[in-house]
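**Student:** take a look and give me a structure for this.
(chains A and B, ligands or ions: 2)
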Amino acid sequence: MKKEQDISELERKFQEKIDQDIKIEPKDWMPDNYRKTLIRQISQHAHSEVVGMLPEGNWITRAPNLRRKAVLLAKVQDEAGHGLYLYSATETLGADREDCIDDLHSGKAKYSSIFNYPTLTWADMGAVGWLVDGAAIMNQVPLCRCSYGPYARAMVKVCKEESFHQRQGYEIMMALAAGSVEQKEMAQDALNRFWWPSLMMFGPPDEDSKHTKQSMDWRIKRHSNDELRQMMVDITVPQAEAIGLTIPDADLKWNEEKGGYDYGEIDWDEFWNVVKGNGPCNKDRIDTRRKAKENGAWVREAANAHAEKRKARKLRRAS
Amino acid sequence: MNSLFEYLIRLGDDSLILGHRLSEWCGHGPVLEEDIAMTNISLDLIGQTTSIFEYAGKVEGKGRSEDDIAFLRYQKDYKNLLLVERPNGDFGVTMMRQFLFDAFRKPLFERLVNASDAQLSAIAAKSLKETIYHLRHSSEWIIRLGDGTEESHQRIQDALDELWKYTAEMFVEDEVDESLLADGILPSMKGLKEEWMATVNSVLEQATLTIPTNNWEQHGGRNGKHSEHLGFILTELQYMQRAYPGMEW
Ligand SMILES: [Fe+2]
Ligand SMILES: [Fe+2]
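**Tutor:** Ligands and ions are numbered 1, 2, ... in the order given. From the prediction side, this is the model:
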C-alpha cells in the first residue's frame, strides 16, 4: 500500500495535469473517485443512447415515406453505435459492459429521463431530434474537451452525428409546420409535450446539483446545468419562431440585460418523479431492454460456444 | 400488363417487406452489434426499394412516385415472396430467412447486372455490393448457431424446417419473366437455382444442419396471394399515408 504522502503527491500531479488540460489516459494514475465518477457518467450516457433507441425505434415501421424511414433508421443506428463506443470507454476504466447493463436492468444505474416519455405521433420524431438531440449536443460538445481522453475522443465522433440528428428532427418539424392544419397541430402538440422534459435534461438547478463542483474541478464538466439550460433556451426559441411554433411557456421573455431569455418555472417534482421510476414509460423501457437481453442469451451462448469450438479445432490441426 | 413494371414491383416489394421486418428488430437485438447490423441491412433494403420504385414509376408512366408505389397499394397488389413476410420469430428464424433470401439475391443481382436495361443494371450493381455483405453476415450466423450449442442448433434447425417450403417461390418463372427474357430485357437466369442450392448446401453443411425432407412448396406472394401477416405489415407501413392522405412529410 502506498503511503498517504505518496497518494497526495499523486493527486497533486494529477490535478496539475488536469489544470494544464493534459488528457488523462487509461493507464495513468487517477483518484478512485475520478474513476468511479467517470464510470458512472459514461455508463449512464451509454445506457441513454441504448434506451434512447426505443422511443424512436417505435416509429420506424410507421414512418410516412421512404426517405424519412431511411433517415430515421440511420439515426437510430447511430445511437446504437454511440452506445457501443461509450461502453468501450467504460471498459478502459476497468468496468465490464455486461455488469453495467445489468445495473441498468436492475434499476441501479440511471439513464436520461427524457426517454421515459412516450412518442405518440410522427411529429415526436421531429421534436425528439430537434430538442432531445439538440440538448444532447449542448451537453456533449463541452465533453469533447473532457479531461479523460477516451471519453473526449468518443464525444468528438458522437457530436458529429448528433448534429445530423438534430437537423433531421428540425427538418421534420419544418415540414410539418409548413404543412396542413393537422400537421401544424401535430407539430405544436409534440413541442408542447417535449419542451419541458427537454429542459430537464440538463439536470437539477445548480443549487441542488450534488456532482457539479467536483466534476468541474476535474474538467469532466465545463458548464453548470443552468448555464447549459440557458444556452438551450436561447438557441431554440428563435428556431421555434422561425417555423411558426409557440414555446409552451407564458413566462418566456427576452431579457435585454442578460442577453438571454427568462423562462418559466420548471416542474422539478415531475423531474424527480420520472427519475424515481414514475414516468410514463420507465417500466416499459427497462422491460424491453431486459427482454432483449434474455431473448438473446441463447444467441450469445451459441456465438461463444462456436468460437470455442473453432479455437479447439485450430489447435488440434496445429498439433 | 407492363412486364418490366411488374418485375420491378416484385423486386422492390421483396426489399421493402424484408426491410420492414428487419427494422422491427431495432432496439431488440441479442447484442448491440446486431442491432447495428440488422438496421444496416434494413437501410440497404429500403434504399433498394427507393431506387427500384422510382424507376418503376417512370416505367409505368402514370406519374406515381416511389412513395405512392411503396405506400398506396392494396394488399393483393404487393408481389413480394411469402418468405420475406414471415414473422421475425426468434433471432434464428430471422437469420435463416435472411440467409435463404441473400443466397438467392446474390446470384440474381449478378445476373441482373447484365440486363440490357441500363437502369436495372445499375440498380443491380449497387444492390449486389450490399447483398454480398448481407450474405456473408447471415451465413456466418447460420454457421455459428448451427454449430454452437445444442439449443441453438435445435432452434436454427427448426427455423430451416419452418421456412424451407417458402424457398421454391424464388425460382418460379411465369409470363412476366418469360416476356422480359424473350424481349432480351432480362438476361438468362440459367443456373440461378443451382447456384443458390450450392450456397445453401455449403453453409448448412458447415452449420451441421439438415435440409427437411418435406418438399411441399408454398406459393402465392408473386401473384398477390399473401399470408395473413402482410395485412398487419401494411397496416403499420401505410398508417401515416392512409390517416393523412396527400400530405408532404
Ligand atoms: Fe447519440
Ligand atoms: Fe442522437
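**Student:** show me which residues of the stretch 101-250 of chain A are close to ligand 2?
**Tutor:** Residues of the stretch 101-250 of chain A lying close to ligand 2 by Cβ under 5 Å from the ion are A:133, A:162, A:165. Backbone N, C-alpha and C define where each C-beta goes, glycine included.
**Student:** residues of chain B that sit close to ligand 1?
**Tutor:** Checking chain B against ligand 1 by Cβ under 5 Å from the ion, there are no hits.
**Student:** where do the helices sit along chain B?
**Tutor:** Here chain B has its helices, by DSSP state H, at B:3-23, B:32-60, B:66-71, B:82-85, B:91-112, B:118-146, B:150-163, B:175-182, B:192-206, B:228-237, B:239-243.
**Student:** chain A too?
**Tutor:** Assigned by DSSP H, chain A shows helices spanning A:4-19, A:32-51, A:53-57, A:66-91, A:97-106, A:123-127, A:134-140, A:149-177, A:181-200, A:212-217, A:225-242, A:268-273, A:282-318.
**Student:** the longest one near chain B anywhere?
**Tutor:** Yes. Part of helix A:282-318 sits close enough to chain B to count as contact by Cβ under 8 Å from any Cβ of the partner chain, namely A:288, A:291-292, A:295-303, A:305-306, A:309.
**Student:** just to revisit the earlier point, how about CSV for the residues of the stretch 101-250 of chain A next to ligand 2, with distance to ligand 1, pLDDT and neighbour count added?
**Tutor:** Output for these, formatted as CSV (distance: Cβ to the ion, whole Å; pLDDT from 0 to 100; neighbours: other Cβ atoms under 10 Å in any protein chain shown):
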residue, distance to ligand 1, pLDDT, neighbour count
A:D133, 7, 97, 27
A:E162, 6, 94, 25
A:H165, 7, 97, 26
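**Student:** residue of the stretch 51-200 of chain A nearest ligand 2, please.
**Tutor:** Nearest residue of the stretch 51-200 of chain A to ligand 2, counting by Cβ to the ion: A:H165, 3.7 Å away.
**Student:** ok, so what distance separates the nearest residue in space to that residue that is not next to it in sequence from B:K129?
**Tutor:** Excluding the flanking residues, the one nearest A:H165 by Cβ to Cβ, 6 or more residues apart in numbering or on different chains is A:D133, at 3.9 Å. Separation of A:D133 from B:K129 (Cβ to Cβ, to the nearest Å): 30 Å.
**Student:** now A:R229
**Tutor:** Applying Cβ to Cβ to A:R229 and B:K129 gives a distance of 46 Å.
**Student:** could you do B:Y78 as well?
**Tutor:** Separation of B:Y78 from B:K129 (Cβ to Cβ): 26 Å.
**Student:** still on that earlier bit, the residue nearest to A:H165 is in contact with A:Q166, isn't it?
**Tutor:** Yes. With contact defined as Cβ atoms under 8 Å, A:D133 reaches A:Q166; the gap is 4.4 Å.
**Student:** flag the shaky bits of the stretch 201-319 of chain A, pLDDT-wise.
**Tutor:** Applying pLDDT under 70 to the stretch 201-319 of chain A flags no residue at all.
**Student:** point me to the residue of it nearest ligand 2.
**Tutor:** Of all residues in the stretch 201-319 of chain A, A:M201 sits closest to ligand 2, at 12.3 Å by Cβ to the ion.
**Student:** give me the number of residues near that residue?
**Tutor:** Using other Cβ atoms under 10 Å in any protein chain shown, A:M201 has 22 neighbouring residues.
**Student:** contacting residues for it?
**Tutor:** A:M201 is in contact with A:112-114, A:132, A:135-136, A:139, counting by Cβ atoms under 8 Å, 6 or more residues apart in numbering or on different chains.
**Student:** kindly report the same for B:I143.
**Tutor:** Neighbours of B:I143 in contact, by Cβ under 8 Å, 6+ apart: A:306, B:203, B:206-207.
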